[in-house]
Structure formats: structure tokens, C-alpha cells
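Peer 1: here's my sequence, what's the structure:
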Amino acid sequence: MQGITIVTPSLNQATYLEQCIDSILSQNYPDLEYIIMDGGSTDGSVNIIRKYEKYLAYWQSAPDGGHYQALNAGFQHGTKSVMGWLNADDMLHKGGLAVIGEVFEKLPHVEFLTGRRVGFDGDGKLHPFEFMTQTWCHDQMLNEEVVLKYCLLVMQEGTYWRRKLWEQAGGGLNAGYKLAADFELWMRLSRLAPLYSVDALTGGFRLYSMNQRCNKHRDQYLAECKAVIDRERELRLPAAPHRSSAPPLIRYPLRDFSPPTVIVPREVPRLTIVTPSYNQAEYLEECLDSVLSQGYPNLEYIVMDGGSSDGSVEIIKKYEKHLSYWQSRPDGGHYAAVNEGFRRATGEVLAWINSDDKYHPGALHLVGDAFLGCPEVEWLTGSPTLWDSDGKAAGFSSEPPAWCREKYLRGEVNAPFIQQESTFWRRSLWEKVGGLDAAFALAGDLELWARFFRHARLYTLHAPLGGFRSRPGEGQRSEAHLESYNREAERVVIRERELYRTQGGQHLEPAPPPLQVAEVVRRTESRITPENFGFFTYSRRLHFPWFEKNAAGLPGSNRPSDCDLKRYQELLICSFIRDNVPKGARILGFGSRTSGVVRALEQEYEMWNLDRLQTDSADLLQRPVYGVRLVEGEIGGFSELLPGGYFDFMYSVGDCGELQHTEDGCRSIATDVERMLKPGAMALYSFRVVARGDSFTTPPLMSHLRREGTPLNHPAPLEQVPIDPFTFAVSQPTSAAGVIEREFSYNLLCRKAPAASAAQVPEAAPQPATVEPPRGIRVGPHAVECWLKGCRRAGGDLVEYGEDLSGLSDGSLDEIYVSSLPGPGYSQEKHLTLLREWKRVLKPLGTLYITSLDLGALAGLFQEADGLDAEARFSLWQLICGQDEGAISEDLLSRLLGEAGFGLIRRVDSFHFCPGLSIRTFRDRSIALNIVARRLG
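Peer 2: Numbers count the residues shown, from 1 in each chain. Modelled structure (predicted):
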């Protein structure tokens, strides 16, 4: 790890200073140099600093000339290679120093770094600011609107840099700026090096009062920022990439990827799609979305609008950052616009789709794989499909038609047409034939196909790729001008026959056999990805080729003819995990049908399963159950029993419990999943749906996620599934009413962090962090149940009362949780001895959690006992007398903790890892006393 110097300037900040110090020292960073520069405080700050001076590299308390002068003086005492400062009323996030140290250690090109824009409120609770994962560059900081109007600024509390960059930039803060010297420093540093942003919590600004310096003097601060911007512009710095564009966001956690677990995106051909459009606003956005939502990693998308006046331009502008090029002006007609678009194209594979048509999910990935793995294919088309005017699937071709030049020469050019929306070709073929002939106003596509046939056979990929939108009665071009189209088609046929005769009637090759998806998958070793998951939204026979290489460990067949629905779902989930989640990742399964996946993956991943525990055995979490860690509770119901950001992947198969049957319950489940996933991690839900005629029975959670969630795959309408000939469904015997039931799987993939835009290259899957859990013990008769549920701290020792910890070495524990204090007969001296023993075994700055009955609250209730019935008064008296456990007042416990050598003593509402014991009430009044303290010295 890189050594880090942190300087804290302070003047009369005793209210928050200790929390600031604790947020740094409690991280136990192995190479920390911490310096405090106090400006001569008179409010008790010096006494706080002295409590921690053994952990400080240097400190002083004397008049210092001001905030930035104090920082400059502090940094002169520093020696470490990475630097930053933290003001006395701000805090570092837990684990923030580990993030900073790891990034600077493993990414030597990073010289200047900031974290997520998440700070704290006055109580120290997380307070996110807008643009949490904002990326930065020098020229962006020159944008007055961003800085002065929106106050979008780099969060100083989370920003660090290398010492060598500090020295290159002048080696100090410009104290001529009373308030904005931080902004001025960022400007100087970013002249020399790019400012990287890491998608992790490092340090945070505390927002607690309008009298804070930053709020009280905001106008003056922004005026100084304006002066810095004006000065910087006057320098007229030469253009440089690191100044003009922000570097990409650094994903966290960072890991060294070993060859067996790296998931590297394959090189895929560059694909250019052109969309011509004129006054098609009603359908245009659906078309654009069908292209961009594919997530194809090497896409060039060009939109050629003919000067629309119906709002089309506004729609295009919504998507323009994802477009390679677009224009809106008169263009000479439909095919002239397509030709002009292709003149701008750089792709290896080309196609166009009209603005009222659209692609099927996953189509572009299939096309890219086909051209990558099948070099003999120069152009291909898909199985024809139709959309209705509402954009719903209206018809599929169950058998792939075969086309060849011989058919064209015979005049067989209609019914079925070569569907232009599904047709793709290599650039080399396009260049051979010379593009579309604008002399054909309607049949330009058919005329192009005729010239393609002169040079290459047309392959049909047996899968739906694109679809034609049929809009009867709306004056659709293909309907209104059918006779003119047929006349143009006849001209093409006559021309091609004449050419064939003049060339001597050479041999005509038959149509090639349909290209099967299984062959494409085999040749390219294709895999399921988040980007192509739209193709896997509902169960299809076409999916099984992706499962073959991932079926290891799953019992039964992986052939559609021998497969049930549960088997399909297991194959899908195992394949997605093995294709996208690195080995060793922590995975949680929930639902009633998770066991098959658990058994298949137990040797490769750290598998967790949600289950209701039937025992209070202390070692249950260490007992393998099919290689899985069991977690008690119901999804959506364990609140904070598992810490946030804990799992690399989650999946759901089967019944998710009672909560899924109410809207609030579904919302709780979705919230719980979101909370427990690491940033950027995904959850895959696989639901069983039953179709009976025109009606469908769906799990409420599925409906909730389709309606309120943001799945990565576009949910397909259920009405599409029965008419899709590729659907994999299991039929049940005909019911008494004569209705056939068909079961199929409906699958949704969600990601915690926003997905990358469709035009970006997908990132490799993250390697899971390896985090050592804190070593602790649990003290008290209630500890077993509480800490077992906590899971995060499972594995420590259990101690009945904790008086004798002679078996533990000094400073060997990170934390102790005390679920209750001893009852009557325990004197203050015994309590003090007990606390000192706990302090002995804790590491410096180790944490003590105590849950007890609050004697003060109980006494207050007893004074009001006249309003209670006899049974309630007796219960209250039992609590006060401590027949089951002891009660203590907050004042006494705080005093005893201080005498025992603990500091930073504070009361909290509850412990998130143990809500059952730390949230206790009597007649709706809280009677729990929850105290957190840290060992000092």
C-alpha cells in the first residue's frame, strides 16, 4: 500500500473534531502519517487531540495565519507519497483509505484522484449529493455555468494526489485565496495530470448548518472561483487530451485478474446501422431504442432525417450522444438518404432499418457472431417477423425461407419477400455492387438484393432479427404504392434475366441450408452477457446452445426435448454466472428452487442461500449445506441483518415467500436486493409463468419489476410468447375445461449501478473483493441468536458473561458485542473491572457495542405506573429489578466507560446487525440503551 499523509486543520471544532479523528484512525491503515494543525483553539479541542497524540505523526496548537496557511505548514511536515487533507468537521468513509491506497498502488498512471460525491449530515449519516459519480477534467472546471450556476465542484474531502504532482504544481496552496484555494489547487494539478474518479466512497463533506463557512461565504467563494477561471483562461494553455476530456470512471473494487477468471470481451465486427426517416415521430423513438438498447459493443449508428417537422428532430436530439452521426435536412428521398448515410459508415457489416420498424432484442449480437464465426457468409437475413401498429409481435415464420438467384430469375421475388429489416451484409459486398440505385423509388431494396445475388449466396439465420411494422389503412408506403413497387420489381427481374443470358447462363447455386444458432454459438464460443440478455427474456429453444458448455454439475439433460422448466432456469442461471461472474465471487440465491444452482456452483463460488433456520446452533453458519452458507429470514424481511454491498451477484428461482404477494412486499424485496448488492453487481430473476389461452398467471414480483424496476433487458409483452415458434414451454394435460396450460420462464436482469450506454464497450465483470471480517466475540445470553443472524460477524467466540477473557491475548479483537449486562448484585466496581477486561482484549481503536435496558427510561415509566394494569406494573417491576438482565442508566455507563479507558462514547438508536435486541419497547416506549465506544490508548 502507498503511504498516505493526511493533514487536519482545526480551530474551535471540538463538536466534530473527535469524530473526524476517529474516522481516520479507526481505519487502521498500515502506512498512515496523520498531522493535526490546530489554530489555538479554546473550546476543548486540545484535550481531544491529546487523547490521540500517540497515533499522530505531528500536531500543534498555535495561531497559524489561517486555514490554508495551516495546511501548507502541515504538509511541510509530511513525507508520504500520497497526500490529502480532511477538515475537522468532515469525515472519511469507512474503508476510504484502503480504496485510496489500493488505487494509487495498483494504478501507477493515476496521480490525482477523487471519490464519489457522498458526504454526511449533522448526525454523521450518509448524505449523497447530485452527480455522485461525476468525472472531471481541467476544461470542465473552466465551465462557469457548471461551477457558478450549479455549484458542481470536486469534493475536497475525498480528493488525494501524489506528492510528486504536488511538487510539480508548486508545492503549496495559494493562500492569496481566502476560501477557494482548494479550487485553485485542482486547477493547477489538472493542468499537469488527469483527475480520475473512483466509484467508491473515500471522504465526505459534512453539511450541518447554514452558518458553516462554505454556506455563509458561498458568494465570496464563487467569486474567487470566477477569478481562478479568468486567470486560467488568460494562460491560453495548448490543447491536451488530459485537459479536454475526463478519464473513464475507475470501477471498484480493483482486482488483479488471473487468467482463469478473466472474462474478456471478444472482438466483434464493427456494425453500421443507418435509419432514414421523414415525419415518423410516432414510431421513431421505438426504432432508435430497438437499436441502442441492444448493447452491441462495436456499433456505429447513423440517423438521416429528411427535414421532419413533426417533432422527430427533438426525439433524435434525446439520443444524439449515442449516435455516430445525424442530420435533418432535405435529402433527395428515401434511398438517397440511405446511400448518404453509408458514405459516412466505417463498419465492416452494414444494414439499414426504417424508422417505423425495429429489431428484436439480441439481434445485433447474433448478427455480429454470425459474421465473426462464418467467413463464408457475405450477406444474411433472419426468419421473417411482423410487428403490429402498436409495436407488438404479430407474426413469426416458423421455418426459415430459402432464397437464391435462381428464384429471382424465375420472378419469385414476392411472398415471402427478403425482409430488409432483417438483412445484413459485409462492406466488401456493398463496395462490389456500388450501393442503392436511387432510380428505383420503391423497390430499391429488391434491386440491391438482385445485384448481391450476382456475387454471393444469401444465408438465412434461423432466428428472428428484425421485423416489418404493418399498419393497414394508414397509407403506409408499401401498401399505398404496391402496384408501382411490383412494376419496379418486374423491371429488375427482366434486367437480371437479360444479364444472365448475356453472361452465358452460368451455373446457379442453390440456396444454402439455414444457418442454425447452435452452429454460430459453436463457431464463436458465444456467451450470455448483460448486453445481449434481451434475447433471453423468455425461455426459447434457441437458448440451449449457450448452455452446453455451462451444464457441468447440473443433473439431467440439457436438450429441449428432455428438459423441464426448472432445468431450463438452472441452465440459464448457471450459464450467466459462469460467463459473467469471476470464480470465487459471493453469490446469494433466494426462492424455493435454488438448490440445483447451489450444488452445481459450490466448488467455484462462495454460495449463500436464503433459508429459514430450524436451529439455534452456534456453528450453523460454518456447517456446509451443499457447500452453501444459510442465511435466516425471508427476502425483503431481514432489513439490515446482512450488510449493504455484500454480494457480487444474486439470483432468484421459484417462490419468494409471502412478501411477494403484496405491492409493499414486492417493494421491500426489490429494496433488499438493491441494498445487498455491491455497486455494479447484478441480480437475475427467473419466474414461472403459466399461459391459459389468452390469459397469464404471473408472480406479483415479476409484475412489480416490469412496472417499477429498470431491468437491463427490455421486457417483452407476454402476448408475444405463445406466437413465437421458438418459445420453450412445457405443456400440461388439458384441463376439464379443455384449456391447455403452458409453462414458460420469464427472466429479468437488473443491475445496481446504472448500466453503461448502449454505445459503450461493455466492461469486464469485476473480481470480488477479498475482505477479512472483523474478529470479535459476543458476550451475554442473547448473543448466540443475535450474532448468528448477523452473519457478517459469524465465526467469533461466544462468551456467557465475559468476566474472564484470560484465553484472549491483549489487543487481539476488532470488536466486542455485549447483548446484555449482568443483573442485580453487580456493583459499579465489578462493572468497571468487566469494562477494563473488555478494553484489554480490544485492539487500539477497537469497537465495543453494548445493548442494555435503559434504567432511566424504565424509571420514567414507573413514575407513570398509575395508568398501568397490575400485570403491566409487575412486568415493569421485573425489568427494573433485573431478574433476567441488568438495567443501567446512560450517565452511569458513560462514566464507567470513560474511567475504563474508552472514548468516542455515543448512544445510537439501534444496531443494524441486531435489530431484534437493540430495538426494545414497553407499551410503545423505547427501553433500549445502545452504546458504541472505542478503546483509546
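
Peer 1: assumed Gly467 was part of a strand.
Peer 2: Yes: the assignment for Gly467 (DSSP: H, G, I helix; E, B strand; the rest coil) places it in a strand.

Peer 1: quick one: low-confidence ranges for the stretch 501-650 of the chain?
Peer 2: Of all residues in the stretch 501-650 of the chain, those with pLDDT under 70 make up the ranges 610-643.

Peer 1: now the stretch 201-350 of the chain
Peer 2: Low-confidence segments of the stretch 201-350 of the chain, defined by pLDDT under 70: 254-266.

Peer 1: and the helices in it?
Peer 2: Counting by DSSP state H, counting those that start in this stretch, the stretch 201-350 of the chain has helices at residues 213-216, 218-234, 241-244, 281-292, 312-318, 334-343.

Peer 1: can you pull the contacts of Gly515?
Peer 2: Small correction: residue 515 is Leu, not Gly. Counting by CB atoms under 8 Å, 6 or more residues apart in numbering, Leu515 touches Ala370, Cys374, Val377, Leu380, Tyr459, Thr460, Leu461, His462. All C-beta spots, glycine's among them, are computed from the backbone N, C-alpha and C.

Peer 1: that older thread, can you tell me which of the helices of the stretch 201-350 of the chain comes nearest to Ser852?
Peer 2: Ser852 lies closest to helix 213-216 among those, at 39.1 Å (CB to CB).

Peer 1: downstream neighbour of the strand ranked longest in the chain in the secondary structure list?
Peer 2: In the chain, with assignment by DSSP state E, the single longest strand is strand 677-692. For strand 677-692, the following helix or strand on the C-terminal side (DSSP states H and E) is strand 695-697.

Peer 1: off-centre distance for the next helix or strand after that next one?
Peer 2: Sequence-wise, the next helix or strand downstream of strand 695-697 (DSSP H and E) is helix 700-708. Centroid separation for helix 700-708 versus its chain: 19 Å, with CA atoms, centre = their mean, to the nearest Å.

Peer 1: chain center to the helix or strand that helix 700-708 is followed by, what's the gap?
Peer 2: Using DSSP H and E, the next helix or strand after helix 700-708 towards the C-terminus is helix 720-723. The chain centre lies 31 Å from the centre of helix 720-723; the measure is CA atoms, centre = their mean.

Peer 1: which elements pack onto the very next helix or strand once past helix 720-723?
Peer 2: With elements assigned by DSSP H and E, the helix or strand that comes after helix 720-723 is strand 730-731. Contacts defined by 3 or more CB pairs under 8 Å, 6 or more residues apart in numbering; DSSP states H and E place strand 730-731 against strand 741-751.

Peer 1: which residue ranges of the stretch 801-937 of the chain form strands?
Peer 2: All strands of the stretch 801-937 of the chain, identified by DSSP state E, counting those that start in this stretch, fall at 813-818, 842-854, 887-888, 902-908, 921-922, 925-926, 928-935.

Peer 1: partners of the first one in the sheet?
Peer 2: Put plainly, it is strand 813-818. Applying DSSP bridges, strand 813-818 is found paired with strand 776-779 (parallel), strand 842-854 (parallel).

Peer 1: do the same with the fourth one
Peer 2: For strand 902-908, the paired strands and their directions (DSSP bridges) are strand 928-935 (antiparallel).

Peer 1: please save the CA atoms from the strand it pairs with in CSV.
Peer 2: Extracted C-alpha coordinates of strand 928-935, given in CSV (Å, rounded to 0.1, in the frame of the first residue of the first chain):
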residue,chain,number,x,y,z
ALA,A,928,-33.2,0.0,25.0
LEU,A,929,-29.9,1.6,25.7
ASN,A,930,-27.4,1.1,22.8
ILE,A,931,-23.9,2.5,23.3
VAL,A,932,-20.9,2.4,21.0
ALA,A,933,-17.4,3.2,22.3
ARG,A,934,-13.8,2.9,21.1
ARG,A,935,-10.8,1.8,23.0
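
Peer 1: show me the contact partners of that strand.
Peer 2: So strand 928-935 is contacted by 22, 26, 839, 842-855, 857, 888, 890, 893-894, 897, 901-911, 917-921 (CB under 8 Å, 6+ apart).

Peer 1: which one of the strands of the stretch 801-937 of the chain lies closest to Glu224?
Peer 2: Shortest distance between Glu224 and the strands of the stretch 801-937 of the chain, using CB to CB, is found for strand 902-908: 35.4 Å.

Peer 1: which of the residues in that closest one are buried?
Peer 2: For strand 902-908, burial by neighbour count (16 or more other CB atoms under 10 Å) applies to Phe902, Gly903, Leu904, Ile905.

Peer 1: closest to Tyr221 out of the strands of the stretch 801-937 of the chain?
Peer 2: Nearest to Tyr221, of all the strands of the stretch 801-937 of the chain, is strand 902-908, at 31.4 Å by CB to CB.

Peer 1: could you measure from Cys574 over to Leu601?
Peer 2: 7 Å (CB to CB, to the nearest Å).

Peer 1: so these two - more neighbours on which side?
Peer 2: More crowded of Cys574 and Leu601, by other CB atoms under 10 Å: Leu601, with 25 against 22.

Peer 1: which element is Pro545 on?
Peer 2: Assigned by DSSP H and E, Pro545 falls in helix 544-547.

Peer 1: the helix or strand following that helix - contacts with which helices or strands?
Peer 2: Sequence order places helix 565-580 as the next helix or strand after helix 544-547, per DSSP H and E. The contact analysis (3+ CB pairs under 8 Å, 6+ apart) places helix 565-580 against helix 544-547, helix 595-601, strand 647-653, strand 677-692, strand 741-751.

Peer 1: tell me what angle the longest one forms with helix 700-708.
Peer 2: With axes from the mean of the first three to the mean of the last three CA atoms, to 10 degrees as the basis, strand 677-692 and helix 700-708 are set at 110 degrees to each other.

Peer 1: do the last one as well
Peer 2: Relative orientation of strand 741-751 versus helix 700-708 (the same axes, to 10 degrees): 50 degrees.

Peer 1: and the two most separated of the buried residues of strand 902-908?
Peer 2: Greatest spacing in the buried residues of strand 902-908, by CB to CB: Phe902 and Leu904 (7.8 Å).

Peer 1: what touches both of these two?
Peer 2: In contact with both Phe902 and Leu904: Ala933, Arg934, Leu936, using CB under 8 Å, 6+ apart.

Peer 1: just put those in TSV and tack on pLDDT.
Peer 2: Formatted as TSV, the shared contacts of Phe902 and Leu904 follow (pLDDT from 0 to 100):
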residue	pLDDT
Ala933	89
Arg934	87
Leu936	77
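
Peer 1: now flag whichever of those is closest to Asp182.
Peer 2: For the shared contacts of Phe902 and Leu904, the nearest to Asp182 is Arg934 (29.9 Å; CB to CB).

Peer 1: contacting residues for the nearest residue to the closest one once chain neighbours are set aside?
Peer 2: Nearest non-adjacent residue to Arg934, counting by CB to CB, 6 or more residues apart in numbering: Leu904, 4.7 Å away. The neighbours of Leu904, taking CB under 8 Å, 6+ apart as the test, are Glu18, Gln19, Asp22, Val932, Ala933, Arg934, Leu936.
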